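In: Generate coordinates for the sequence data below:
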Amino acid sequence: MQIREAIKSDVPAIVAMLADDELGQKREDYREPLPSRYFEAFDKINGDPNQYLIVAEDSKGIIGTAQLTFISYLTYRGGVRAQIEAVRIKSTRRGTGLGEKLFRWMIDKARNEGAHLIQLTTDKQRPDALRFYEKLGFKATHQGMKMHF
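Out: Numbers count the residues shown, from 1 in each chain. Reported below is the predicted structural model:
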């Protein structure tokens, strides 16, 4: 298995994984042909030096994905934090340790890029994910809030 930055031809496989769970089915629009807005989003992510859209692949294809974003801000003496988003493992490969490998890659990348912390949010409807993140050393130190438009 290798972890690498995603390329545009990976987008359909990434979106398929995003849509392959109970919550993702409600949020994503996975169909063929894939709506162009996914490719447009990829171009924006790919053109931003503070974004890393990664995939894990083996000889059979794409088996995992995640997005790592670096956010500069004035607090913490002009610090940088890393934000993890959209982590998915292909349903047939869940529970094999692949998710931990993706997270270790992102944690190492954040440290090497000088981030002072790495953070994520998780949907309250994903208790297994919460336990997984806690096992990796993440702590629920803040209350997150969102406003959907």
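In: how close does the residue nearest the centre of the chain sit to residue 10?
Out: Closest residue to the average C-alpha location of the chain: residue 66 at 2.6 Å, with C-alpha atoms, centre = their mean. For residue 66, the distance to residue 10 equals 12 Å [C-beta to C-beta, to the nearest Å]. To be clear about C-beta, it is placed using only N, CA and C from the backbone, and glycine gets the same treatment.
In: re earlier: to which secondary structure element type does the residue nearest to the centre of the chain belong?
Out: strand (DSSP: H, G, I helix; E, B strand; the rest coil).
In: Report the spatially nearest residue to it, omitting neighbours in sequence.
Out: Residue nearest to residue 66 in three dimensions, not counting chain neighbours: residue 87, with 4.3 Å by C-beta to C-beta, 6 or more residues apart in numbering.
In: Report the contact partners of the one you found.
Out: 64-66, 99, 102-103, 120 (C-beta atoms under 8 Å, 6 or more residues apart in numbering).
In: of these, buried ones?
Out: The neighbour count (16 or more other C-beta atoms under 10 Å) marks 64-66, 99, 102-103, 120 as buried among the contacts of residue 87.
In: Now for these: which two are most distant?
Out: Of all pairs drawn from the buried ones among the contacts of residue 87, the one with the largest separation by C-beta to C-beta is 64 and 120; the distance is 15.3 Å.
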